[in-house]
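Asker: Sequence below, structure please.
(one chain, ligands or ions: 2)
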Amino acid sequence: MVAKLLDGKELSKEIRNKLEQRVKILKEKGIIPKLVVILVGEDEASKVYVRNKHRAAEKVGIKTIDIKFPKNITEKELLLHIKKYNEDNSVHGILVQLPLPKQISEEKITCAIEPEKDVDGFHPVNIGHLFMNNPHSLPCTPHGIMQFFEKYKLPIAGKNVVIVGRSNIVGRPMAAMMLNNDATVTVTHSKTKNLSEFTRQADILIAAVGRASFIKKEDVKPGAVVIDVGMNRNGEGKLVGDVEQKGVAEVASYLTPVPGGVGPMTIAMLMEQTVKFAERSVQIVNRKVSNS
Ligand SMILES: Nc1nc(=O)c2c([nH]1)NC[C@@H]1CN(c3ccc(C(=O)N[C@@H](CCC(=O)O)C(=O)O)cc3)C=[N+]21
Ligand SMILES: [Mg+2]
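Answerer: Ligands and ions are numbered 1, 2, ... in the order given. Next comes the predicted model:
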């Protein structure tokens, strides 16, 4: 079997084009979707993300405001800035790039963002809604992965889904989304014994460990759908996934490439969430008008 590659560049473009239309309608009502992106310090991966986001937003018609702080900013000061954007009615989405420097608690910052403006879907309230199968805001990377299943009509209900990695950003919310779609979900991690025995049971295998080429051909059940979330830089500075792509492509039925797979979908979902929040702000204004 030779895997069909799931093209995230193409699918994200399709999604962006639809968003462009929604933004046009918003603009006719005088609303410009606005996303504030806060970057602290100099993280390389974050810089790539910020650059790509900017480009996508421009195409869709979303206004992004990039705010950069030096890496020695205090937690207190960062919290004050978040408060300011929480209260600014022209801002629909706020995203603080992770990871943050050591003196700043990621949990505190995540909790400080107004859940209604939490485009990352990382606030505990939003995570809670997701786990109760009533999502309000969805983490962009797993949400982007779900779009592949929808687009290519890949069945999820009753399938064995094995997730490698339990991060708050990918593994855990991915588990919730798959469970919400009636999959049987297993979450594995660094303490899992005989990992390969689990991965070889997977109809759908999701690799989000952050280790280059960690999943090999022999870890994959023939015909499985394999999603590669990894973004590792190799010695030459090239981007490589968590999946040994060449070998796994020989056994999987579907595979997401790196780059050009999950990455562009993450950005497309961030754009979608921002537009959704902007649309909701119109509804809120309409409600207020009709009540008065
Ligand atoms: N609060 C927060 N939310 C995040 O979602 C978040 C974050 N912080 N911190 C950093 C990571 C990383 N991340 C990326 C998403 C897309 C690409 C991306 O566009 N990748 C492309 C191109 C990569 C390239 O050009 O090198 C691809 O895979 O094809 C990269 C990185 C989001 N993250
Ligand atoms: Mg920290």
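Asker: beta partners of the nearest residue to residue 154 once chain neighbours are set aside?
Answerer: Using CB to CB, 6 or more residues apart in numbering and skipping residues adjacent in sequence, the residue nearest residue 154 is residue 225, 5.8 Å away. Every residue, glycine included, has its C-beta placed from N, CA and C. Taking DSSP bridges as the rule, residue 225 bridges to residue 204, residue 254.
Asker: Now do the same contact list for residue 225.
Answerer: 154, 203, 204, 205, 252, 253, 254, 255 (CB atoms under 8 Å, 6 or more residues apart in numbering).
Asker: Need the three-state assignment for the first one.
Answerer: Classification of residue 154 using DSSP: H, G, I helix; E, B strand; the rest coil returns coil.
Asker: Show the backbone phi and psi for it.
Answerer: phi -90, psi 120 (degrees, to the nearest 10).
Asker: cool, the second one as well?
Answerer: The phi/psi pair for residue 203 (degrees, to the nearest 10) reads phi -80, psi -30.
Asker: Name the nearest residue to it, ignoring sequence neighbours.
Answerer: residue 159 (4.1 Å).
Asker: Quick check, the one you found in contact with residue 183.
Answerer: Yes - counting by CB atoms under 8 Å, residue 183 is a contact partner of residue 159 at 5.2 Å.
Asker: any common contacting residues for those two?
Answerer: Common neighbours of residue 159 and residue 183, counting by CB under 8 Å, 6+ apart, are residue 204.
Asker: which residues does the residue nearest to residue 203 contact?
Answerer: Residue 159 neighbours (CB under 8 Å, 6+ apart): 183, 184, 203, 204.
Asker: ok, so of those, who is nearest ligand 1?
Answerer: residue 204 (19.8 Å; CB to the nearest ligand atom).
Asker: any idea how far the closest one is from residue 156?
Answerer: 7 Å (CB to CB, to the nearest Å).
Asker: who's more crowded, the two?
Answerer: residue 204 (23 against 19; other CB atoms under 10 Å).
Asker: Looking at the contacts of residue 225, which two lie furthest apart in space?
Answerer: 203 and 255 (13.8 Å; CB to CB).
Asker: out of these two, which sits in the more crowded spot?
Answerer: residue 255 (26 against 19).
Asker: my guess is the more buried one meets residue 3, correct?
Answerer: Yes - counting by CB under 8 Å, residue 255 touches residue 3, with 4.1 Å between them.
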